[in-house]
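[1] Predicted coordinates and the sequence they were generated for:
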Amino acid sequence: MDRLRRGDDRRGDRRSVAVLAAFVLVGVTACQTASDPPASDSAAPEVPQPAVTAPVAAAPTSPVVTAPATTAPPVVEPAPAPDPAAPPVWENLFVDHFDGPAGTPAGQWHTMTGWNDATLDGNGRLEVGRLAQIRSTSGWVLPVGTRVRVSASLVMPDTSSNYAAIWVQHPNPADPREIDVIESYGPKKTGGAQLGSHLCYDETLDDAVDDCGAAGLGPELWPVAKNFADGAKPWNSSWEYHAEFTVGGDQVLFEAEDGSGHQAYAVTSNPDPRRVPGNAVPFHLRLSNKDVDPQHALPGGSQHSMYVDWVTVQVQYPTATG
């Protein structure tokens, strides 16, 4: 009986201890909940959280349509206009500057039978004295359509008792057509200087019959001294003279520039294919200085010679077409 009582007592004691322990645990837990959490070296730091707001529904909009990417069409530049045709180039066919020792003959010319020779003056000029006449050794047969320009720079005699000239001629008795690039009669003469075209030569002038005129082959002559401006005249300084024609053509263009380069005249002949060199026979150049018939001579002046600085023949050959 005592052992039972002592056993009950021990069981009662153990229940009391358990109750007490539960009571203490509840109290401690309550205290921890009511106060700040205990500090701990291993506790993670508090991280602030972003504010979260409720989403707001957007108002409906029309869909945005994006046009496909494009580029502006290329600008088409007009083709550049072709440059105007360059003027034709003159080619030298014959050139003589009359360089050489004084008193020597011009190497590209020969003396005509019965006439005096012309000689170099040693200063780059040819002196064509009284009764001198020479012809270019070269002659030219050129294709039809070739443009020809005969030019010379010279000083005319200042007398009126002789006349000097440069001319283009067919040296053919049957066809002696001639172009006088310039022919001087001197400052005392009314005409002074003239251009001319001849188709024949009347060898019987003393019979008072114009044989060439009667045959319809009379000359055409154009006095030009009236066109000479005031100042240095062609008897006092070098002037340039030109005759331009087309082989097989029918006209001749005559021009002159004074010593200052100013145009003194430009004369175009009347159309007549008989007066333009053809290509059946060669044409040559002549330089001459003849005496005027005594009854037509006038006194005055002192320079009987013609002095020639240079002579050229230039050409522009026809170009193929088609």
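    Nice, I can see it. What you are looking at is a predicted structure, and each value in this text was computed from that prediction instead of being measured.
[2] Flag the shaky bits of the stretch 51-200 of the chain, pLDDT-wise.
    For the stretch 51-200 of the chain, residues meeting the criterion pLDDT under 70 lie at 51-85.
[3] For it, just list every one of the strands.
    Listed in chain order, the strands of the stretch 51-200 of the chain (DSSP state E, counting those that start in this stretch) span residues 91-96, 109-111, 119-120, 126-128, 132-136, 147-155, 162-169, 178-184, 193-198.
[4] quick one, which of those is nearest to residue 305?
    Counting by CB to CB, residue 305 lies closest to strand 126-128 out of the strands of the stretch 51-200 of the chain; the figure is 5.0 Å. Quick note: C-beta positions are derived from backbone N, CA and C, even for glycine.
[5] Mean neighbour count and distance to residue 273 added to the strands of the stretch 51-200 of the chain, as JSON lines?
    JSON lines is the format used below for these (neighbours: other CB atoms under 10 Å; distance: least, CB to CB, whole Å):
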{"stretch": "strand 91-96", "mean neighbour count": "13", "distance to residue 273": "22"}
{"stretch": "strand 109-111", "mean neighbour count": "17", "distance to residue 273": "29"}
{"stretch": "strand 119-120", "mean neighbour count": "20", "distance to residue 273": "38"}
{"stretch": "strand 126-128", "mean neighbour count": "24", "distance to residue 273": "31"}
{"stretch": "strand 132-136", "mean neighbour count": "21", "distance to residue 273": "23"}
{"stretch": "strand 147-155", "mean neighbour count": "21", "distance to residue 273": "15"}
{"stretch": "strand 162-169", "mean neighbour count": "23", "distance to residue 273": "15"}
{"stretch": "strand 178-184", "mean neighbour count": "24", "distance to residue 273": "13"}
{"stretch": "strand 193-198", "mean neighbour count": "23", "distance to residue 273": "12"}
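[6] so which of those strands comes closest to residue 102?
    Of the strands of the stretch 51-200 of the chain, nearest to residue 102 by CB to CB is strand 119-120, at 6.0 Å.
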